[in-house]
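Trainee: Give me the fold of what follows.
(2 chains)
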Amino acid sequence: MVAYAWLVPLLPLVAYIFLLCLGRRAPEGIVTGVSVVLTFLSFLVSVAVFRAVGSNPDQVAAYTFHWLTVGSRSISVGFEVTHLNALMLVVVTLVSTLVLLFSKGYMHHDDRFAVFYQYLNLFVFSMLALVISPNFLQLYIFWEMVGLCSYLLVGFWYFKPEAALAAKKSFIVTRIGDVGLFAGIILLFLASGSFDYNTIFVAAAAHKLTLGWISGQALVTLTAILIFVGAIGKSAQFPLHVWLPDAMEGPTPVSALIHAATMVAAGVYLVARAYPLFQASPAALTTVAWIGGITALLGALIALTQRDIKRVIAYSTISQLGYMMMALGVGAYAYGVFHLMTHAFFKALLFLAAGSVIHAVHTQDLFEMGGLHKKLPLTTWTFLAGALALAGIVPFAGFWSKDDIMSATLQSGHTVLYVFALVAAFCTAFYIFRVFFLTFTGEPRNPAKYENAHEGGWVMNLPLVVLAVLATVGGFFNTPLNGNGLEKYLLADGAVGVTYSENVPLMALSVVIALLGILLAAILYWRPLVKPERLARGFGFLYQLSYRKFFFDEIYGAVVVGGGKVMAAIVDGVDRYIVDAIVKLVGRVVYYLGLGLKYTQTGQVQTYGVVAGFGLFIILAIAMYRVGGVF
Amino acid sequence: MAGGAPFPIPTGSVLALAAILFCIGLYGALTKRNLIIVLVSIELMLNAANINLVAFSKLSDKPSLNGQIFSLFTITVAAAEIAVGLALLLAIFRLRKTSEVKDLDVHKW
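Mentor: Next comes the predicted model:
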C-alpha cells in the first residue's frame, strides 16, 4: 500500500485539472461532487497508507527516480512515506475533504464558484505533494505552490481592496521567509552534494557537512536557522506573523484550510521533517523554542481584544503554532506533531463554525452578534467543543496535546517558556470564551441581522459535526490510557526528540488556569459583573497595546516600508545625481569643446593653408630630428 | 659634373633658386587677396618643383632624361589645371561679383 502513496496528492490534482476543463460556468453540484469525492478517496488512500505503515519502521520508504544531472551531482524526484508524513496525509486530506464540502454552502451563488474549487484543489494537491516530497528541492517547489495558492485564495475577492492588499501582504511576507529557506537549501546542497533528506541528515549527524568558509557545527546551526526562517514565514511565527490575520480577508473556508491543513502546517511540518538537522544544533533548537514561546504569548495577548471573530481565531492560530514550535524547540518532537494534529481538528472546526456564523449574520464584528444559540444550535454546540479543545479542558483534544507540550517545556528546564505558555493558556481560554459568549449568548445586539440568521444546511453541518467529534476525542490518540500510542508511532521514524513523562499536578494546574480564563470571560461577557469597557479603560495603555496588535503593522510600516522608501530615495539620488551626472558631464564636455573649436572653422582657405603648412613643417622637423639630420 | 658646359652652375644654386621660388609661391598663395595672384603663385610653386626635377635628373647616380620628361608632363598638367582654375574663378566672379579670397568663406561656421 505504501507504494501507492503517490495517489494521495494525485487525486486532488485530477480534480483540479477536471474542474479546469469544465470551465468556470460548471454547475455547483458537479464541482463540489467531483472535488469532495476525489479528496475523500485521497483520504481513504491516506488512511490505508497510515495503517500499512503502522508502528513498523520497516515500512518507511522513499521511492525516487533520476531526474537530471547537474555537473557530477544527480538530482532525483519521487515520494517517500514516513510515519510523520503518513499522519500528515491523513490530517490534511480529512480536513480538506470537510472544508471542500463546507464550501458548497458557504460559497453558494458566488460568481466564481468553480474557480474557487479549482484553487482549493490545487492548494490541497500542493500541500500533499509537499508532504510526501523526499528531498528539499521538491519540497521547495511545492512550498512555493502552496504560497501561490494561498495568495490566490486570500485575494479571491480581489475586487475588495483589503483582500487584494492582504493577498499581496501574505505573499510578500512569506516570501521573506522563503528566501531564508532557499538559502538554507542551497547551503545544504553545497555542503552535502544532495537535496535528499536522508543523505543530508546522515551527513549532519556524522559532522560531515562543511564548506570552505564555515565550520561544520556553525554550518549546521546556520542552515537549521535558515530553514527555520522559512518556517517562521509560512507558519506565521513572530516576527513574520503579520500576514496571517490579514489573510482573514479571504473566504472563511480558505481560512480554515490555511490554518488547519494546508498552509501554516507546512512550516511546522518542515521543522519536524528536518528535525535531525535541528537536533544536531542545540543553538538552533533553542532559537526555535524561544521564537515559539514568544509567538505563543504574543498571539494570545493580541487575541484578547480583537473585535473581529475571524481575527481572534487567527491570532489564536499564531499562538497555537507557537506552542508547536516551542514543543519542537524543547525536543518534544512527538508532542509538537501531536498538537499539529489536534489543532488541525479544532481550528478547522472553529473556523468553519465561525464561517457558519458569518454566513448566518453577514458580519464579522463580535459586537453585532449575540444570542445566536437560539438560531444556530448546532453551530453553538460544535463551536463550544472547539473552544473547550482550544482552551485545553479535559478531555478535549487540545488538553492532551497542549499539556504534553507544557509539561515537556518545564521538564526540559525552560522555566521562562513554561510561564509564557501558562500565561498564553490563560489568555487562550479567556479570548475563545469571550468569542463564544459574545456570539452565542446574551441578547442580540443587532436584531435585524439576528432575525435572518439560519443554519447552513447539511453540507455545512456535517463537517462541523465530524470535526466536533474529532476535537472532542482526537486527543485520545496519545494519552497514558493508550500508552502514548501516537508518540510511539512517530518515534518509529527513528530516535527523534526527547520523551517526557506526564505530570499530573502540572496538568491539573493548566486546567485550573484554563478554567480561570473561562470564568473571567463569563463574568465579563456572559453574566456581566464588571463592564468590559471599564476593565479596558482600567488597563488603558495595555489594552491599546493588545488591540493595536503591539503596533507591529505600524512599526513595520515605519521601519520596513519607510526604510524601503528611504532606500529608494537614496538609490534614486545616486542614479539621478551621480550616474546621470557623469553621463551628462561627458556630453557637456564634448558639446562645449565643439562649441569652442567651431571658431577655428573660418572658411578662409589661406588660413587653413598656413596651419597645414605649419603642421607639415613640424612633422618634417620631427622626422629629420629622428633620423639625425640637420637639426 | 658630366658634360663640358663652359659655365657649370653649382647644384646648390639651382636648388636654392627652386627653394626661393617655392617660398615666394607659397607666400603668395597664402597671403595674396586676389584669386588671380593666388593662381599665379601656385604656378610659381609648380615651376619650382619642375626646376628640382630637372636638377635631380642631372644629379642622380645614373643621369637620365626621366626628370626632364617628367617636368614636361608637369607643365602640361599645370596648363590644364590653370585652365580649370581660371574657369572656376570666372564662374565665382559671375556669381559673387568678387575675386577676393577673403570673401569666399561659405564654409565658415
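Trainee: Could you list the low-pLDDT ranges of chain B?
Mentor: Across chain B, the ranges flagged by pLDDT under 70 are B:1-6.
Trainee: For it, which residues are neighbours of chain A?
Mentor: B:26, B:29-31, B:38, B:101-102, B:104-109 (CB under 8 Å from any CB of the partner chain). (Each C-beta comes from the backbone N, C-alpha and C, glycine too.)
Trainee: what about residue 107, neighbour count?
Mentor: Going with chain A. Neighbour count for A:Met107, taken as other CB atoms under 10 Å in any protein chain shown: 24.
Trainee: ah, no, chain B please
Mentor: B:His107 - counted by other CB under 10 Å - has 11 other residues nearby.
Trainee: got the contact list for the nearest residue to it once chain neighbours are set aside?
Mentor: Excluding the flanking residues, the one nearest B:His107 by CB to CB, 6 or more residues apart in numbering or on different chains is A:Gly603, at 4.3 Å. Applying CB atoms under 8 Å, 6 or more residues apart in numbering or on different chains to A:Gly603 gives the contacts B:104-109.
Trainee: do you know how far A:Gly603 is from A:Ile17?
Mentor: With distances taken as CB to CB, to the nearest Å, A:Gly603 is found 80 Å from A:Ile17.
Trainee: ok but A:Glu65 is inside a strand, no?
Mentor: One thing to correct before we go on: residue A:65 is Phe, not Glu. Yes - A:Phe65 sits within a strand when classified using DSSP: H, G, I helix; E, B strand; the rest coil.
Trainee: Could I get the pLDDT score of it?
Mentor: Note for A:Phe65: predicted pLDDT of 84.
Trainee: Go ahead and confirm it touches A:Val77.
Mentor: Yes - applying CB atoms under 8 Å as the test, A:Phe65 and A:Val77 come out as touching, 6.8 Å apart.
Trainee: Against the centre of chain B, work out the most remote residue.
Mentor: For chain B, the C-alpha farthest from the mean C-alpha position belongs to B:Trp109; by CA atoms, centre = their mean, that distance is 31.4 Å.
Trainee: Just say helix, strand or coil for the residue of the stretch 501-631 of chain A found nearest chain B.
Mentor: Residue nearest to chain B within the stretch 501-631 of chain A (CB to the nearest CB): A:Gly603, separated by 3.2 Å. State at A:Gly603, reduced to three classes by three-state DSSP: coil.
Trainee: Next to chain B, which bits of the stretch 251-400 of chain A? Give me the list.
Mentor: Taking CB under 8 Å from any CB as the test, the list of the stretch 251-400 of chain A residues beside chain B is empty.
Trainee: show me where the stretch 251-400 of chain A has helices.
Mentor: For the stretch 251-400 of chain A, the helices defined by DSSP state H, counting those that start in this stretch cover A:252-257, A:264-273, A:275-279, A:282-303, A:309-329, A:333-361, A:377-391, A:397-411.
Trainee: can you put those helices in CSV and add distance to A:Leu486, mean pLDDT and mean neighbour count?
Mentor: Output for the helices of the stretch 251-400 of chain A, formatted as CSV (distance: least, CB to CB, whole Å; pLDDT from 0 to 100; neighbours: other CB atoms under 10 Å in any protein chain shown):
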stretch, distance to A:Leu486, mean pLDDT, mean neighbour count
helix A:252-257, 23, 85, 29
helix A:264-273, 13, 88, 26
helix A:275-279, 16, 86, 24
helix A:282-303, 20, 89, 24
helix A:309-329, 13, 89, 28
helix A:333-361, 6, 87, 29
helix A:377-391, 16, 87, 25
helix A:397-411, 9, 84, 27
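Trainee: TSV please, covering the ones you listed and showing distance to A:Tyr547.
Mentor: Converted to TSV, these look like this (distance: least, CB to CB, whole Å):
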stretch	distance to A:Tyr547
helix A:252-257	21
helix A:264-273	24
helix A:275-279	36
helix A:282-303	8
helix A:309-329	11
helix A:333-361	20
helix A:377-391	21
helix A:397-411	25
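Trainee: Out of these, flag the one nearest A:Ala424.
Mentor: When these are ranked by proximity to A:Ala424, the top entry is helix A:282-303, at 4.0 Å, counting by CB to CB.
Trainee: which helices and strands sit right next to the longest helix belonging to chain B?
Mentor: Longest helix in chain B by number of residues (criterion: DSSP state H): helix B:66-96. Using 3 or more CB pairs under 8 Å, 6 or more residues apart in numbering or on different chains; DSSP states H and E as the contact criterion, the secondary-structure elements in contact with helix B:66-96 are helix B:35-59.
Trainee: ok, back up a step: state the distance from the residue nearest to B:His107 to B:Val106.
Mentor: Separation of A:Gly603 from B:Val106 (CB to CB): 6 Å.
Trainee: Over to B:Asn52?
Mentor: In this view, B:Asn52 and B:Val106 are 35 Å apart by CB to CB.
Trainee: When the two are compared, which one has more neighbours?
Mentor: Here B:Asn52 and B:Val106 are set side by side on neighbour count (other CB under 10 Å), and the busier one is B:Asn52, at 19 against 7.
Trainee: Could you report the separation of the more buried one from chain A?
Mentor: 16 Å (CB to the nearest CB, to the nearest Å).
Trainee: relative to helix A:397-411, how tilted is the strand or helix carrying A:Ile513?
Mentor: Element membership of A:Ile513 [criterion: DSSP states H and E] is helix A:504-521. What separates the directions of helix A:504-521 and helix A:397-411 is an angle of 120 degrees, with axes from the mean of the first three to the mean of the last three CA atoms, to 10 degrees.
Trainee: Taking helix A:282-303 as reference, get the angle to helix A:504-521.
Mentor: Orientation check (the same axes, to 10 degrees): helix A:504-521 against helix A:282-303 gives 30 degrees.
Trainee: Can you give me the pLDDT of the residue nearest the centre of chain A?
Mentor: Central residue of chain A (CA atoms, centre = their mean): A:Lys234, 2.6 Å from the mean position. Model confidence at A:Lys234, expressed as pLDDT, equals 87.
Trainee: now A:Pro239, what's its secondary structure?
Mentor: From three-state DSSP, the assignment for A:Pro239 is coil.
Trainee: check contacts around it.
Mentor: Remark: with contacts taken as CB under 8 Å, 6+ apart, A:Pro239 is in contact with A:232, A:552.
Trainee: Distance of it relative to chain B?
Mentor: Taking CB to the nearest CB as the measure, A:Pro239 falls 68 Å from chain B.
Trainee: what do you get for A:Ala492?
Mentor: 94 Å.
Trainee: so that residue touches A:Leu84, yeah?
Mentor: No - assessed by CB under 8 Å, A:Ala492 is found out of contact with A:Leu84, at 9.7 Å.
Trainee: neighbour-wise, which of these two wins?
Mentor: Taking A:Ala492 and A:Leu84 together and counting by other CB under 10 Å, A:Leu84 has the greater number of neighbours (24 against 19).
Trainee: so which helix or strand takes in that one?
Mentor: helix A:83-106.
Trainee: what about that helix, average pLDDT?
Mentor: Model confidence over helix A:83-106 averages 88 on the pLDDT scale.
Trainee: who touches stretch A:360-375?
Mentor: Applying CB under 8 Å, 6+ apart, the set of residues contacting stretch A:360-375 from outside is A:248, A:307-312, A:357-358, A:376, A:379-380, A:434-435, A:438-446, A:449-450, A:452-456.
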